[in-house]
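>>> My questions are about this predicted structure, shown below with the sequence.
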Amino acid sequence: MHSHIRSRLSRRPSRRPKHGFTLIEVLVAIIFLHVGLLSLVAASAMLVRRMTGMRAEAAALEAATQRLEALAAGPCVASAGTAAGPLGLREEWSARLISPATLSVHDSVVFGTPFERRAVVLRTAIAC
């Protein structure tokens, strides 16, 4: 008689609700978390790369501006030169007389990584 009662109890479905998550739900949640974290890491790397590029561009622009100001403050003579600066900056500049009272100035500053080189070029005419 006991075996008959046990078999009937084991076949009856449980009516209390199950708590927790299934293994598939947990795995899908982990995959979503990994994708989200990888996206954050990629975005952070891109921001660092862009900020470094912007810093180098600002330094190149500052170097070119200082060169133009120095040439404008100096004598009205033709000259040329090169200079190396911080962050891998390479500057080439020239000043030539286009009239007895006007100096044409060209300054080019190259910056960036060995894989991606960019340049800032400033040109102006300075009255002597």
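Structure received. Residues are numbered from 1 along each chain as shown.

>>> ok, now how distant is the residue most central in space within the chain from F115?
Centroid-nearest residue in the chain: R50, 1.5 Å away (criterion: Cα atoms, centre = their mean). According to Cβ to Cβ, to the nearest Å, R50 and F115 sit 15 Å apart. From N, CA and C alone the C-beta is placed, and that goes for glycine too.

>>> and the helix or strand where S44 lies, what does it pack onto?
Element membership for S44, per DSSP states H and E: helix 23-73. Packing partners of helix 23-73 (3 or more Cβ pairs under 8 Å, 6 or more residues apart in numbering; DSSP states H and E): strand 79-84, strand 90-99, strand 102-112, strand 117-127.

>>> Tell me the gap between it and the middle of its chain.
Relative to its parent chain, helix 23-73 has a centroid offset of 3 Å by Cα atoms, centre = their mean, to the nearest Å.

>>> Counting neighbours, what do you get for L89?
Taking other Cβ atoms under 10 Å as the neighbour definition, L89 ends up with a count of 19.

>>> so it touches F111, yeah?
Yes: at 5.1 Å, L89 counts as touching F111 under the criterion of Cβ atoms under 8 Å.

>>> can I assume G20 sits in a helix?
No: assignment of G20 by DSSP: H, G, I helix; E, B strand; the rest coil gives coil, placing it outside any helix.

>>> And stretch 95-112, what's buried?
95, 103, 105, 107-109, 111-112 (16 or more other Cβ atoms under 10 Å).

>>> got the angle for the helix holding S44 vs strand 117-127?
Here the directions of helix 23-73 and strand 117-127 differ by 30 degrees (axes from the mean of the first three to the mean of the last three Cα atoms, to 10 degrees).

>>> returning to that earlier point: quick check: the farthest pair among the buried residues of stretch 95-112?
L103 and G112 (29.2 Å; Cβ to Cβ).

>>> Cheers, nothing more for now.
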